[in-house]
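[1] Structure for this input, please:
(chains A and B)
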Protein chains: 2
Amino acid sequence: MFLYWGFVIVEFLLNSASLFLISNKRLVMSLNRKKMNLEWKGNFRFEVKNEKGLAVKFDAPVKYGGEETSLSPMETLLACLAGCTSYDVMSILRKKRQNISGYWVEAEAERAEEPPEVFTKILIKYIVKGNNVSKDAVERSIQLSMEKYCSVGAMLKKTAEIQTSYEIIQE
Amino acid sequence: MFLYWGFVIVEFLLNSASLFLISNKRLVMSLNRKKMNLEWKGNFRFEVKNEKGLAVKFDAPVKYGGEETSLSPMETLLACLAGCTSYDVMSILRKKRQNISGYWVEAEAERAEEPPEVFTKILIKYIVKGNNVSKDAVERSIQLSMEKYCSVGAMLKKTAEIQTSYEIIQE
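    Residues are numbered from 1 along each chain as shown, chains lettered A, B, ... in the order given. A predicted model of the protein is given here:
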């Protein structure tokens, strides 16, 4: 009888441990991993989906044999940088209780002439519109994004010099 | 009279020179520059367009305050890598006259735990389906993409170790 309960307790402990390991692994997977699946759609058209089915499409420029039905990967890469830093900036401006009614970014990139033609210089201009928008808040949010939080920026600045500027439109 | 023709010739030469400069500058601009415009669409939703109006949308994950109506910038970044290398691989396989009927890529990335949470490791698996597909051609196209042509890969590998593998499905 004691032996039986001994087994039950040991089994319970083992199960808890493995459940903990599984749930812990899942947590790590979901927080720190990304998985994307690409499918060829003919010529140079590709569709890439995440595990929930959200998708992005790519095509090549006409001069490289594509049909320009979607953005190219390099255009989208520049868009990723604009999107990533905009998440930071809008998120920080919200925390700083700024009343934003409009927000735009103009991103320009220069590429190297030789393959692999990486971006060598990127200019990001933030345009923030709102009521009584603080210059300091805008400057600080851009600085925090570029120096601390923006994941895409932290990767691209290893090859490209990134310069920022901003304009505030007071309502 | 000679003076007049002198002026005409000088003017012609100057015009030619400036036309050459303009067309040369335009050529460089169109080949080596990218320009993207982002617009805020509420909460953490953003839309980014190129000059021809082709667009990509971003949203943030629910855990970061978004609504997950579109991919995040970091998911899209991984998609860009898959799209960029796929352009190279499919383009080289076409030049090598391979009969490809299906093509997929599985891309997985691990992120650093501390901000800016860059990608630290990326696994790219190419799956190529076709009639009598050459193993050498597939291997060579992946190698050329990763070592020479893939612009996105050349940038991301400054922070992330990129590992590749492939599978061929013969028909």
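[2] SS state for the closest residue to A:S141 other than its chain neighbours?
    Distance criterion CB to CB, 6 or more residues apart in numbering or on different chains; nearest residue to A:S141, sequence neighbours excluded, is A:I92 at 3.8 Å. For glycine as for every other residue, the C-beta is placed from the backbone atoms N, C-alpha and C. Classification of A:I92 using DSSP: H, G, I helix; E, B strand; the rest coil returns helix.
[3] A:T85 too?
    Counting by three-state DSSP, the backbone at A:T85 sits in helix.
[4] and what of A:S165?
    Per three-state DSSP, A:S165 ends up strand.
[5] what bridges to the closest residue to it other than its chain neighbours?
    Spatial nearest neighbour of A:S165, chain neighbours left out: A:K125 (5.0 Å); criterion: CB to CB, 6+ apart. For A:K125, the beta-bridge partners are A:E106, A:S165 (DSSP bridges).
[6] Does A:K41 touch A:E47 like I think?
    Yes - with contact defined as CB atoms under 8 Å, A:K41 counts as touching A:E47 (5.6 Å).
[7] So for these two, which residues contact both of them?
    A:K57 (CB atoms under 8 Å, 6 or more residues apart in numbering or on different chains).
[8] Run the chain-centre distance for stretch A:162-171.
    Centroid separation for stretch A:162-171 versus its chain: 21 Å, with CA atoms, centre = their mean, to the nearest Å.
[9] ok, now stretch A:74-82?
    Counting by CA atoms, centre = their mean, stretch A:74-82 comes out at 10 Å from the chain centroid.
[10] anything in that stretch near chain B?
    Yes - on the criterion CB under 8 Å from any CB of the partner chain, stretch A:74-82 is in touch with chain B at A:M74, A:E75, A:T76, A:L77, A:L78, A:A79, A:C80, A:L81, A:A82.
[11] Can you flag the buried ones in these?
    A:M74, A:E75, A:T76, A:L77, A:L78, A:A79, A:C80, A:L81, A:A82 (16 or more other CB atoms under 10 Å in any protein chain shown).
[12] what's the pLDDT at the first one?
    Spelled out, that is A:M74. Note for A:M74: predicted pLDDT of 98.
[13] That one touches B:K34, doesn't it?
    Yes - contact criterion CB under 8 Å: A:M74 and B:K34 qualify, at 6.2 Å.
[14] what touches both of those two?
    By CB under 8 Å, 6+ apart, the residues touching both A:M74 and B:K34 are A:R111, A:F119.
[15] buried residues in stretch A:33-44?
    A:K34, A:M36, A:N37, A:L38, A:E39, A:W40, A:F44.
[16] So what touches it?
    Applying CB under 8 Å, 6+ apart, the contact partners of stretch A:33-44 are A:46-51, A:57-60, A:64-67, B:74-75, B:78-79, B:82-83, B:86-87, B:90-91, B:100, B:102-111, B:119.
[17] Quick one: buried ones out of the residues you listed?
    The neighbour count (16+ other CB under 10 Å) marks A:46-50, A:57-60, A:66, B:74-75, B:78-79, B:82-83, B:86-87, B:90-91, B:100, B:103-111, B:119 as buried among those.
[18] residues touching the residue nearest the centre of chain A, list them.
    Geometric centre of chain A, nearest residue: A:C84, 4.6 Å, by CA atoms, centre = their mean. By CB under 8 Å, 6+ apart, the residues touching A:C84 are A:C150, A:S151, A:V152, A:G153, B:P73, B:M74, B:L77.
[19] A:K129 too?
    When the contact criterion is CB under 8 Å, 6+ apart, the partners of A:K129 are A:I100, A:S101, A:G102, A:Y103, A:I168, A:I169, A:E171.
[20] possible to save those as CSV with secondary structure, pLDDT and distance to chain B?
    Output for those, formatted as CSV (DSSP: H, G, I helix; E, B strand; the rest coil; pLDDT from 0 to 100; distance: CB to the nearest CB, whole Å):
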residue, secondary structure, pLDDT, distance to chain B
A:I100, strand, 98, 8
A:S101, strand, 98, 9
A:G102, strand, 98, 7
A:Y103, strand, 98, 4
A:I168, strand, 98, 14
A:I169, strand, 98, 13
A:E171, coil, 93, 15
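[21] out of these, who's nearest B:S145?
    For these, the residue nearest B:S145 by CB to CB is A:Y103; the value is 36.3 Å.
[22] Please look at that closest one and A:T85 and confirm they touch.
    No - using CB under 8 Å as the test, A:Y103 is too far from A:T85 to be in contact (11.4 Å).
[23] Where does pLDDT dip in chain A?
    For chain A, the stretches with pLDDT under 70 are A:1-32.
[24] so where do the strands sit in it?
    A:33-40, A:46-49, A:55-58, A:99-111, A:119-131, A:161-170 (DSSP state E).
[25] what about A:V62, distance to A:F44?
    10 Å (CB to CB, to the nearest Å).
[26] now swap in A:T69 and tell me
    Between A:T69 and A:F44 the computed distance is 10 Å (CB to CB).
[27] any common contacting residues for these two?
    A:D59.
[28] follow-up on the earlier one: any idea how many residues pack against the residue nearest to A:S165?
    Per other CB atoms under 10 Å in any protein chain shown, the neighbour tally for A:K125 reads 16.
[29] Show the contacting residues for it.
    Here A:K125 is in contact with A:V105, A:E106, A:A107, A:T164, A:S165, A:Y166, A:E167 (CB under 8 Å, 6+ apart).
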